[in-house]
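Q: prediction below, plus the sequence it came from.
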Amino acid sequence: MKNSNFFPFERNKYFYGKLLSVDDFELEQKYMNDKRRMLNRFILGSGVVAGLYVVRTDEQTVSVEAGFALDSWGREIVVDVPVIKKLSLIEGFGECNIGDAKDVYLCLEYDENETDRVHNIAGNETGQGQGGGSFRKIREGYRLFLTNREPEGDTVSPSGWYQVSQTIYQEGDIRITQVMPRYIRAGGTAQIKIQVENRGRSNVSFSYDLVLNCLLSDGKAKIRVSFDEVLFERTGRYEIAYPIQASDTVLEEGDAVIDPETVSLRLSGIVQEVHMEAKMTTNIVAQDEKEAMQKEYYRSSMGKIIRTGYKQPVYLARLQVVSAADTYIIERIENVPFGQYVSNHVIEAALYQMMQKELMVLEDRGGRQDGIEADRVREKGEGMKIAQGVTDIYLTGGQRGDKFFSSEIVHGLGLGKVTVILGMERESGKVVYGSSEIFEEDKEKGVDAELAACVDEDNGSFVVGVRLLSAVLGGKIHVHWTAFKDKEDIASERNEKRIFIKPNLLELTVRQSHYLEAVCENMVEKAVSWSVKDKGGFIDENGLYTAPNTSGVYEAVAQSVAFPEIRASIFVVVRDNV
């Protein structure tokens, strides 16, 4: 299994009288192993299949959970029990120069050892050392090691097939990376992104010119890249994007080249002597970018995968290590930093079925299932749409004038203007619309309060507010609401520029990825920029959303490049692996 070649495939040819030797039996195993390895690598991929999560147990020790991975040659790597190791005792620690480089990578690769020494009756002792004899078994295992080197090639993670990434500056705590798409449709638009990582205490600022060839940005063949960390909320990681447009000529390459004479970098206002040089290239194609990527994958993946070689390990974690005198501290761990995951088809099928059931519920109820939504949406008359529902507002007790609010309610009528009418249900079952003070006989049978609705036209939702007219000890009130949109508003919306995101409901497990599609209505320019709020994962310029390591509900946003005021968002429910 340590051989690094699949080919040629050879198997035994049996015939009566054939004398079987050791070579024949080894050929039998090699044939079956190589076939399985090839299917693993070319169909399933390479990376973490399950488990192998790395956590810090103390300031100098890490634990690798049990798990399963496939390496770059399709060999199975199984860590059957959790491994706890002090960082300094892991192979490669001394070569990483912790005092100079603060980032080290914990890697996993396939390994095997001969075991179970026995006496060789043929007298041909193949085992050396104490005891003599020959080994009769090979035990497959793994090897953990540390390195400063990043993976070679661009097939480590799926993103390498649709975008080009290049680190243009890395020194100490600072890393600056440029990212651009591998393919742009002729005449189409995309983005060049600048990703900045700064884990030090000094504020970083920099600027330089990107000279464009067969590309334009705001009608110019040059981009002035500028970044100043003091203008951002301090998070340690930042991303800025610049729109680009490809020429109308296909089968050309669009280049973005740094002009080294324009480079300037400062740390906390102090000018640094730096040199940046980079040339990035995108292919200008006639078809859709996704079609171009798929075509290129089928055309070239065989060669690229074979060229990566069996020496490409699985990168389990990036460790930020801080040295202090003659010791060190593990400050932060980033699991699977290069996105080396192998899709689990069982989980994908289960999630697909769950989403199908959710969509069926949405179709029946006419809204988006965010916990509180429209019970039904219907059309009435010529173009009028009406949605109705009930929401509960819980009261923790309060005095006259205290206010309570519902969660966000998605009415299901789309974006834009709507009118909302609210009614409060009494204990008798009657629903009072308007001021509850008018029906004084019902005051003893319910909460004395007034209602209001605040409509969010950009999100297609509203929030119900309650203000107490007399003191209460607690409980809840049932609010009946009716939202409607008249035909004038509907007609005007048909001419409005809008964005919708498909799917409108998404459930993933932690670290799972899924493509989102932004549908632009009444817009010739359909390019959008993607973002995720509150560090809720990562999404690239093609809409590939990758869930974070922590379960929760996160919001993904699509914003029009041509019309920044036009945007749309969806909520992604991220659950733990089960």
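A: Structure's in. What do you need?
Q: any idea how far residue 547 lies from residue 305?
A: Using CB to CB, to the nearest Å, residue 547 is found at 26 Å from residue 305. The way it works is simple: take the backbone N, C-alpha and C, and place the C-beta from them, glycine included.
Q: so which of those two has more stuff around it?
A: Set residue 547 next to residue 305 and count neighbours by other CB atoms under 10 Å: residue 547 wins out with 25 against 20.
Q: so how far is residue 231 from the nearest residue to residue 536 once chain neighbours are set aside?
A: Distance criterion CB to CB, 6 or more residues apart in numbering; nearest residue to residue 536, sequence neighbours excluded, is residue 554 at 2.7 Å. Residue 554 sits 25 Å away from residue 231, going by CB to CB.
Q: same check on residue 93?
A: 39 Å.
Q: what about these two, which has more around it?
A: Neighbours per residue (other CB under 10 Å) separate residue 93 from residue 231, with residue 93 holding more: 18 against 10.
Q: touching, that one and residue 87? I think so.
A: Yes - Residue 93 lies in contact with residue 87 (CB atoms under 8 Å); the separation is 6.2 Å.
Q: shared neighbours of those two, anything?
A: Residues touching both residue 93 and residue 87 by CB atoms under 8 Å, 6 or more residues apart in numbering: residue 146.
Q: and the strands in the stretch 451-578 of the chain, which stretches?
A: 461-468, 475-485, 498-502, 506-509, 513-515, 517-521, 528-532, 538-539, 544-546, 552-560, 567-575 (DSSP state E, counting those that start in this stretch).
Q: please disregard the earlier target; I meant the stretch 101-250 of the chain.
A: 103-118, 134-147, 163-171, 174-181, 183-185, 189-198, 204-213, 215-216, 222-228, 237-246.
Q: of those strands, which approaches residue 348 most closely?
A: Proximity to residue 348 (CB to CB) singles out strand 163-171 among those, at 22.8 Å.
Q: who does the closest one touch, helix- and strand-wise?
A: On a contact count with 3 or more CB pairs under 8 Å, 6 or more residues apart in numbering; DSSP states H and E, strand 163-171 meets strand 174-181, strand 279-285.
Q: the shortest one packs against which elements?
A: Same thing as strand 279-285. Helices and strands touching strand 279-285, by 3+ CB pairs under 8 Å, 6+ apart, are strand 163-171, strand 174-181, strand 183-185, strand 252-267.
Q: of the ones you listed, flag the one that's most buried.
A: Most buried of the helices and strands packed on strand 279-285, by mean neighbour count (mean count of other CB atoms under 10 Å): strand 183-185, with a mean of 23.
Q: what strands flank it, and is each parallel or antiparallel?
A: Sheet pairing of strand 183-185 (DSSP bridges) gives strand 279-285 (parallel).
Q: what residues does the residue nearest to residue 80 when sequence neighbours are not counted make contact with?
A: Sequence neighbours aside, residue 66 is the residue nearest to residue 80 in space, at 5.9 Å (criterion: CB to CB, 6+ apart). By CB under 8 Å, 6+ apart, the contact list for residue 66 reads 51-52, 79-82.
Q: quick check, nearest of these to residue 462?
A: residue 51 (43.7 Å).
Q: return the distance of the closest one relative to residue 510.
A: Plainly put, residue 51 is 12 Å away from residue 510 if you go by CB to CB.
Q: what about these two, which has more around it?
A: residue 510 (18 against 15).
Q: quick one: residues contacting the more buried one.
A: Neighbours of residue 510 in contact, by CB under 8 Å, 6+ apart: 547-551, 574-577.
Q: closest to residue 147 among these?
A: Nearest member of these to residue 147, counting by CB to CB, is residue 549, at 22.3 Å.
Q: can you check the pLDDT for the residue lying closest to the closest one once chain neighbours are set aside?
A: Once flanking residues are discounted, residue 549 sits nearest to residue 510: 5.4 Å by CB to CB, 6+ apart. Listed pLDDT for residue 510 reads 82.
Q: poorly predicted segments of the stretch 51-200 of the chain, please.
A: Per-residue confidence for the stretch 51-200 of the chain (pLDDT under 70) gives these ranges: 99-102, 124-132, 153-156.
Q: separation between the residue nearest to residue 80 and residue 48?
A: 12 Å.
Q: if we can go back for a sec, so for residue 396, which of the helices and strands packed on strand 163-171 sits nearest?
A: The closest of those to residue 396 is strand 174-181. By CB to CB, the value is 47.6 Å.
Q: stretch 72-80: end-to-end distance?
A: Taking CA to CA, to the nearest Å, the first and last residues of stretch 72-80 lie 20 Å apart.
Q: same thing with stretch 42-56?
A: Using CA to CA, the distance between the terminal residues of stretch 42-56 is 34 Å.
Q: list the buried residues in it.
A: Going by neighbour count (16 or more other CB atoms under 10 Å), the buried part of stretch 42-56 is 45-50, 52-54, 56.
Q: for those residues, give me TSV that also has secondary structure and distance to residue 145.
A: As requested, the buried residues of stretch 42-56 are exported to TSV (DSSP: H, G, I helix; E, B strand; the rest coil; distance: CB to CB, whole Å):
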residue	secondary structure	distance to residue 145
45	coil	22
46	coil	17
47	strand	17
48	strand	16
49	strand	20
50	strand	21
52	coil	14
53	coil	18
54	strand	13
56	strand	18
